[in-house]
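1. Fold the following and give me the result.
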Amino acid sequence: MSKTKAGTRTATATFDTADRPEKIRNVALVGHSGAGKTTLAEALLAATGTVPRAGSVVDGSTVSDSDPVEIAQQRSVALSVCPLEWDGVVINLLDTPGYPDFTGELRAGLRAADAALFVVSAADEIDPITVSLWEECAALRTPRAVVITKLDAPRADHARTIAACQRVFGGADGQAVLPLYVLDGDSALVGLLSRSRYDYANGFPPQESASDADIDDERAALIEAIINNSEDESLLDRFVSGEEIGLEVLVDDLETAVARGTFYPVLPVCAETGLGLAEVLEVLSGGFPSPVEIDLPEVQPLYGTDTKVVECNPSGPLLAEVVRTTVDPYLGRLSVLRLFSGTLTPETQIHVSGHGGAARGHPDHDVDERVAQIFSPLGATLRPIERAIAGDICAVGRLGAAETGDTISAKSAPLLMAPWEMPEPLLPIAVQAATRADEDALAKALGRLTAGDPTVRIERHPITGQLVLWCLGEAHADVVLERLRATGAHVETVPLRVAVQETFTAEARGHGRLVKQSGGHGQYAVCDVVVTPLPRGSGIEFAEKVVGGAVPSQFISSVEKGVRTQLAHGLDQDHVPIVDVRVTLVDGKAHSVDSSDAAFQTAGSLAVKDAAVNGNLTLLEPIAAVDITVPDSHVGAVLSDLSGRRGRVTGTEPDSTALVGMERTVVHAEIPDAELVRYPTSLRSITAGTGRFTRSFARYDLVPANVAASLRTPGSA
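-> Model (predicted):
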């Protein structure tokens, strides 16, 4: 933490890019939706003179929530960058959404950040969604500090919230979650290390004075925790013997522990009154690590080059990553970059590389482009800058091929970074263009959508033919559809069809006869087939047992082609494909003049259709293997819900990754796809937003008779 006094702290609003990475801090604001992240960011921007006054979430006037969807819903749905300067340090605040449907934006923010300011409301309990956000940070070992907000709310309880943070976030491995300051009334804080009182009665910045508050117990607990996390093993003995440990030594060890992720300082803040803002700025600028102290993501050279990037160095090879993509009405596609190495200037020739996203509608691409202009983003405001150095965050316009998650490197030394893990979209939404004239507009809109939101998976289903957008939840789906329509594409949602199949339940014989004579060469082909059911997953087999050349050998393959085409197309008006059967050609007739390839294809298709009339068909539906993770308190409700979804529980086990005191259970089950269409929404409802699940294809299985009719009806799911 900064060792300067309140009266000597400086704030500027020049937004000059820092001259070296050590003067940059990239900090993600993380917390549950409604915890006060955006309000805190506004207060910090106003306190440092970045904006003339703080905006309001209710009024839709905040810097970070500029999207029309965010203003309407009064919550963040996208990552936003809010740079400010304090005491000579450039602090890039990355305001991340706290709602589970926008976890992709959160992970992008954590990728761009080197530390996280975890925001908890003093008026609310620490719920499992907040815990899941903490786990997102913990998975990346992100250094964190906890900010307790809304101290002026009617139900605020600062002491209770600190105790909850210590219980939930402390863990069992010696991690410390302790306050650096205690409240002294409604408008003042007392520093536990400095013993100073910071009075905000007259607003920001506070007036500093000596404090006579009784803080010995809290101070001793803090010092002991710092010493326990110190690399100097002699400090504990000196402290126990009664020696007074110097403030500078404690602050240095505290900074090291925070950067290492073993100590999480807790700070009280009231954004409305300004209480605690100076202390938060001190932690941001002095307590969090700079980019040079953070390990770089895994990088590999492309095309056999030997370029290596080992540190955050402005003089090193250019290496950056696209962490957000938007479409500006004037600048076109706008890419927000986090620079990990090198220096970016206008007119730079760069290489854009994106790999590994083909399954989500992002084909691999490698393109050379030119950087036109560079900006420092302040929410939706873009301010031109002359350069951006390693460790900084900037925005670049008109990169036609760049998508979120892409690697930016020098044209002469192309590189590829290992991508961050994206959440799996599990809510399918079937869409179509409102009219045929809208199809081109929809295709272009989908291209823009996938460039900016890698959490969306776009699928043209091979069986149903439907265009399906896989989203993270209802809120995410609403935002996706709103953004599609904002581009001018008239999009309609339609009921989702389940990709059912059919099979034979018993052996059946079929006769196919095509005899036509209309002058000249006619058409003549006769086929007799036997259709035999096979075990699940066998597919389609074709065999022939023709005796005496009843069907000439040159037409055997024609019969097979007609059979396979008809089975793939289905045998009735529902066009449900037939699977898991063997079709054996046993007899037929041919004509020396009128028989042809086309005739025997038709006869083969007629034969299997005739077999369907004589035999029994049954419907098959896809079954998914599902792993559902829920707090123990919701296991009963989840199991009850599964029974109503024709689900079969295959086992349960404790979740070994759960934090202490937040026990969870993983339920393994098999559920028909038809029952999973709206399951993300239902699971969130029955578990108060705390449940999550993964799914994978297991097999096709027989459909109960009472369900088959509904699945045959298009859109019944």
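2. doesn't residue 630 make contact with residue 665?
-> Yes - Residue 665 is in contact with residue 630 according to C-beta atoms under 8 Å; the separation is 6.2 Å. All C-beta atoms are positioned from the backbone trio N, CA, C, and that covers glycine.
3. Any regions of this structure where pLDDT drops low?
-> 1-18, 171-174, 329, 518-520, 615, 660-661, 712-717 (pLDDT under 70).
4. tell me the centre residue of it?
-> residue 104 (2.3 Å; C-alpha atoms, centre = their mean).
5. any idea how far residue 429 is from that one?
-> Noted for residue 104: a distance of 16 Å to residue 429, by C-beta to C-beta, to the nearest Å.
6. How about residue 346?
-> Computed with C-beta to C-beta, the distance linking residue 346 and residue 429 is 40 Å.
7. residue ranges for the helices of the stretch 351-500 of the chain, please.
-> 439-452, 474-486 (DSSP state H, counting those that start in this stretch).
8. before we move on, the earlier item: residue 346 and residue 429: who's more crowded?
-> In this comparison of residue 346 against residue 429, neighbours counted by other C-beta atoms under 10 Å, the higher total goes to residue 429 at 22 against 14.
9. which residues touch residue 274?
-> Residues in contact with residue 274, defined by C-beta atoms under 8 Å, 6 or more residues apart in numbering, are 43, 47, 200, 203, 204.
10. Can you select the buried ones among these for me in ChimeraX?
-> What follows is the ChimeraX syntax for the buried subset of the contacts of residue 274, where burial is set by 16 or more other C-beta atoms under 10 Å:
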select :43,47,200,204
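11. of the contacts of residue 274, closest to residue 418?
-> The closest of those to residue 418 turns out to be residue 43 (C-beta to C-beta; 36.1 Å).
12. Nearest spatial neighbour of the closest one, chain-adjacent residues omitted?
-> Sequence neighbours aside, residue 271 is the residue nearest to residue 43 in space, at 3.9 Å (criterion: C-beta to C-beta, 6 or more residues apart in numbering).
13. What is the burial count for that neighbour?
-> Residue 271 sits with 26 neighbouring residues when counted by other C-beta under 10 Å.
14. One more: residue 369?
-> By other C-beta under 10 Å, 18 other residues sit near residue 369.
15. Also the one 5 residues further on?
-> Residue 374 sits with 22 neighbouring residues when counted by other C-beta under 10 Å.
16. So it is in contact with residue 387, correct?
-> Yes - with contact taken as C-beta under 8 Å, residue 374 and residue 387 are classed as touching, separated by 6.9 Å.
17. Quick check: neighbours shared by those two?
-> Shared between the contact lists of residue 374 and residue 387 (criterion: C-beta under 8 Å, 6+ apart) are residues 344, 345.
18. the longest helix in this protein is where?
-> Looking across the chain with DSSP state H, the single longest helix is helix 597-614.
19. buried set for that helix?
-> Along helix 597-614, these residues count as buried under the neighbour rule (16+ other C-beta under 10 Å): 599-612.
20. same question, stretch 391-410
-> Using 16+ other C-beta under 10 Å as the burial criterion, the residues of stretch 391-410 that qualify are 391-399, 401-410.
21. cool, and stretch 655-673?
-> Within stretch 655-673, the residues scored as buried using 16+ other C-beta under 10 Å are 658, 659, 662, 664, 665, 666, 667, 669, 670, 671, 672, 673.
22. Run the chain-centre distance for that stretch.
-> 20 Å (C-alpha atoms, centre = their mean, to the nearest Å).
23. cool, and stretch 502-512?
-> 47 Å.
24. Contacts only, for residue 618.
-> Contacts for residue 618 (C-beta under 8 Å, 6+ apart) come out as 502, 503, 504, 505, 702, 703, 708.
25. Pull out the buried residues from these.
-> The neighbour-count test (16+ other C-beta under 10 Å) marks 502, 503, 504, 703, 708 as buried among those.
26. now the angle from the top strand by length along the chain to helix 597-614?
-> Secondary structure assigned by DSSP state E gives strand 617-631 as the longest strand of the chain. Relative orientation of strand 617-631 and helix 597-614, computed by axes from the mean of the first three to the mean of the last three C-alpha atoms, to 10 degrees: 70 degrees.
27. re the thing from before, helix or strand for the residue nearest to the centre of the chain, which one?
-> According to DSSP states H and E, residue 104 maps onto helix 103-112.
28. cool, residue 502 as well?
-> With elements delineated by DSSP H and E, residue 502 resides in strand 501-504, which encompasses its position.
29. packing partners for that strand?
-> When contacts are defined as 3 or more C-beta pairs under 8 Å, 6 or more residues apart in numbering; DSSP states H and E, strand 501-504 sits against strand 523-533, strand 617-631.
30. Check the gap between the residue nearest to residue 43 and residue 44 for me.
-> Residue 271 sits at a distance of 8 Å from residue 44 (criterion: C-beta to C-beta).
31. Residue 20 now?
-> 23 Å.
32. So for these two, which sits in the more crowded spot?
-> Between residue 20 and residue 44, counted using other C-beta under 10 Å, the more crowded position is residue 44 (27 against 15).
33. So residue 82 sits against residue 48, correct?
-> No - using C-beta under 8 Å, residue 82 is not in contact with residue 48, being 10.4 Å away.
34. Spit out the residues that contact residue 271 and residue 44 alike.
-> Jointly contacting residue 271 and residue 44 under the rule C-beta under 8 Å, 6+ apart are residue 277.
35. looking at this, residue 125 is in a strand?
-> No - counting by DSSP: H, G, I helix; E, B strand; the rest coil, residue 125 is not found in a strand; it is coil.
36. how about the residue lying closest to it once chain neighbours are set aside, secondary structure?
-> Spatial nearest neighbour of residue 125, chain neighbours left out: residue 164 (7.0 Å); criterion: C-beta to C-beta, 6+ apart. On the three-state scheme (three-state DSSP), residue 164 is labelled helix.
37. Does residue 164 touch residue 126 like I think?
-> Yes - taking contacts as C-beta under 8 Å, residue 164 lies within contact range of residue 126: 4.7 Å.
38. Show the residue spans covered by the strands in the stretch 201-350 of the chain.
-> 207-210, 263-268, 299-301, 319-328, 332-341, 343-344, 349-354 (DSSP state E, counting those that start in this stretch).
39. Also the stretch 1-150 of the chain?
-> Secondary structure of the stretch 1-150 of the chain (DSSP E, counting those that start in this stretch): strands located at 11-12, 24-31, 80-86, 89-95, 115-121, 144-149.
40. TSV for those strands, including mean neighbour count and distance to residue 306?
-> As requested, the strands of the stretch 1-150 of the chain are arranged in TSV below (neighbours: other C-beta atoms under 10 Å; distance: least, C-beta to C-beta, whole Å):
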stretch	mean neighbour count	distance to residue 306
strand 11-12	16	42
strand 24-31	26	29
strand 80-86	25	33
strand 89-95	25	32
strand 115-121	26	32
strand 144-149	26	37
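41. With distance to residue 232 as extra columns, can I get these in TSV?
-> Converted to TSV, those look like this (distance: least, C-beta to C-beta, whole Å):
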stretch	distance to residue 232
strand 11-12	34
strand 24-31	25
strand 80-86	29
strand 89-95	26
strand 115-121	23
strand 144-149	22
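42. All set now, cheers.
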